[in-house]
Structure formats: structure tokens, C-alpha cells
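Q: Below: sequence and its predicted model.
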Amino acid sequence: MTAKTIFIVEDDPDILELLEFNLTKERFRCICHPTGLGAVRAIKAALPDMVLLDLMLPDIDGMEIIKRLKADSSTASIPVIMVTAKGSEVDRIVGFELGADDYVVKPFSPRELILRVKAIFSRLERAEERGTKEIVAGPLRIVPEHHLVEVEGERIDLTAMEFKLLYDMANSPGVVKTREVLLNRVWGYEFDGYGRTVDTHIRRLRKKLGPAAPAIETIRGVGYRFDPSRLGS
């Protein structure tokens, strides 16, 4: 199996070395970039399987890097894990709203970070293995084999986690799923105060889906349900 490539953007040489050492030990291939400037261009050229991104860079804010990656169709689906000392709930929500897939606060446990990296890859691989059924509901079309989502014939760019979240719900129409269940199935870890992560991704999904957004129904006090009848035939 070809080793997964992880692109690391981190200006602290000690943390960069720590990340590269632990990831390489787990047989990941690492590309290291010590500054934000030029990182987006380098990521577009390398097209890695994942990006680990420090948000507090000396030359450009990491949030701006996420914006640029998610705005480009060639890099929009690359999972991004934010690795930062900014650990407030507001910072996490802003990061998720911009399209980040996970958030690790410094100082961090290398083992925890590795587990989060593997959880994302594992979920993506399992989704690819079982996700071959095309789903059509009103103006919405989902083709998992090609990681394709269309609304009224227009392609919608989703992050890896947004796509997984949408497909997981659409593949079980009418089933109410709690935040705990969605976190476990989509992100790969247990519910531990991360319910806002699901809410943020649902909000982003609805915004991107436009006329297909009503299919994602909020079940107050419980979770969410994909109801294709809300889109008509």
C-alpha cells in the first residue's frame, strides 16, 4: 500500500521535528513547510492526502491558508487538521466553519494526534469501500465513487468531512442520528464535548447545498435526519 502523504505547515522547528518523527515512525510520508507564505502553492503542487496546519504563523494567518485551500477545487477535499495553541471554543468554531476537519491544541500528545490522523484516513477508506451507491433526491445527486455532489446539475465543492457527513445521513434516509453517533461514524472518535463540531459542519453543508439544504432536518434536542421528501420528487 502506498504511504499516505502528510503536508506539515509549522514554524516551530521543535514541533515540526516532533511531528515529522512521529508521523514517519507510523510510515507516513511527510512534506514540511516552515512558513505560511508559499504553503498553498506548495500544497497545490504536492496534492497531499492530509494537511497539518499551525494557525499562528509569523507571515500569514493559518485561517487564511484554510480559506484558500477550501476555495480551490483541486485542494478543497484534502482533510486539514489544525494544530495550534489557540484552543478557545471560538477559535475551534471559526476553524471548522472555514472547513477544517479536526483541531488539536498545543501542547498535544503525539499519540493522540496520530490517532486522530488515522481516524480520518480510516473513515475515508471505509466510506470509499462501502460507498458505491449513487443517491439522487430532488435536485441533489451524490456519487461517492467520484466524491461528487451536484445540486441542480451544478457541482458543489465539499470538504472530506462534509462529504462523509452528507453521505452518511443520505445513505440512511429518515433515520435520526444523534451528534454522538455522527461524531463516532464520521470523525472516528467518541462524543466528548465536540457536539458543536457536528453543528458547525451541518451549518456549512446547508449553506453549500442551497436549494437541497431542506433535506437536512434538525430534530430538536436529538440530532439530525436526512429527509428526501422535503425536496420533492
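A: Perfect, I can see it now.

Q: and stretch 149-165, what's its mean pLDDT?
A: Looking at stretch 149-165 alone, the average pLDDT works out to 88.

Q: what's the span of it, first residue to last?
A: 12 Å (C-alpha to C-alpha, to the nearest Å).

Q: How about stretch 102-114?
A: For stretch 102-114, the first-to-last residue distance is 12 Å (C-alpha to C-alpha).

Q: Show me the contact partners of it.
A: Stretch 102-114 is contacted by residues 15, 18-19, 22-23, 26, 52, 79, 81-87, 92, 95-96, 116, 120, 187 when judged by C-beta atoms under 8 Å, 6 or more residues apart in numbering. For glycine as for every other residue, the C-beta is placed from the backbone atoms N, C-alpha and C.

Q: Let me see the mean pLDDT of that stretch.
A: 87.

Q: buried ones in that stretch?
A: Residues of stretch 102-114 classed as buried under the neighbour-count rule (16 or more other C-beta atoms under 10 Å) are Asp102, Tyr103, Val104, Phe108, Leu113, Ile114.

Q: Kindly report the same for stretch 156-170.
A: Along stretch 156-170, these residues count as buried under the neighbour rule (16+ other C-beta under 10 Å): 156-170.

Q: which intervals of the chain have sub-threshold pLDDT?
A: In the prediction, the chain carries residues with pLDDT under 70 at positions 1, 87-89, 126-132, 188-195, 233.

Q: if we can go back for a sec, any chance of the buried residues of stretch 102-114 in CSV with distance to Glu64 as columns?
A: Putting the buried residues of stretch 102-114 into CSV (distance: C-beta to C-beta, whole Å) gives the following:
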residue, distance to Glu64
Asp102, 19
Tyr103, 17
Val104, 19
Phe108, 23
Leu113, 23
Ile114, 27
